[in-house]
Every structure is written in C-alpha cells, then in structure tokens.
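Enquirer: okay, structure incoming, though there's no sequence with it:
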C-alpha cells in the first residue's frame, strides 16, 4: 500500500522484570530492550529521509 517493507523488531526476555524466577536475566532483557529502541530509531530515521 505505502511501498514500505515490514520489519519486526522484537525485544527478548520481556517478562524478566515481572517474573522472579527470571531475575538473573534482567541485564540481558535491558540490553535487548535498548537494542530494540536503537533499531527502531534507525528505521524511523531511514524512513524519514
């Protein structure tokens, strides 16, 4: 419709902060979330250009 491709940006371990059994994975979840935000910002800049 708009001629754009669909890209999925999926952060991993999103339940780590709400599940006590995943507490040791919180640093990995935070890193994954930050990478997802960075990837989304880069895609947005590319589309805006």
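Expert: Yep, that arrived. Not measured: the values here are computed from a predicted model. Numbering: from 1, shown residues only.

Enquirer: helices of this structure, start to end?
Expert: 26-48 (DSSP state H).

Enquirer: which intervals of it have sub-threshold pLDDT?
Expert: Flagging of the chain using pLDDT under 70 yields the residue ranges 1.

Enquirer: which residue is nearest the middle of it?
Expert: residue 36 (2.5 Å; C-alpha atoms, centre = their mean).

Enquirer: so who does residue 36 touch?
Expert: 9-11 (C-beta atoms under 8 Å, 6 or more residues apart in numbering). Bear in mind the C-beta positions are built from the backbone N, C-alpha and C, glycine included.

Enquirer: in a markdown table: those residues, plus distance to residue 31.
Expert: As requested, these are exported to a markdown table (distance: C-beta to C-beta, whole Å):
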| residue | distance to residue 31 |
| --- | --- |
| 9 | 14 |
| 10 | 14 |
| 11 | 9 |
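
Enquirer: give me the buried subset of these.
Expert: Applying 16 or more other C-beta atoms under 10 Å to the contacts of residue 36, the neighbour count classes residue 11 as buried.
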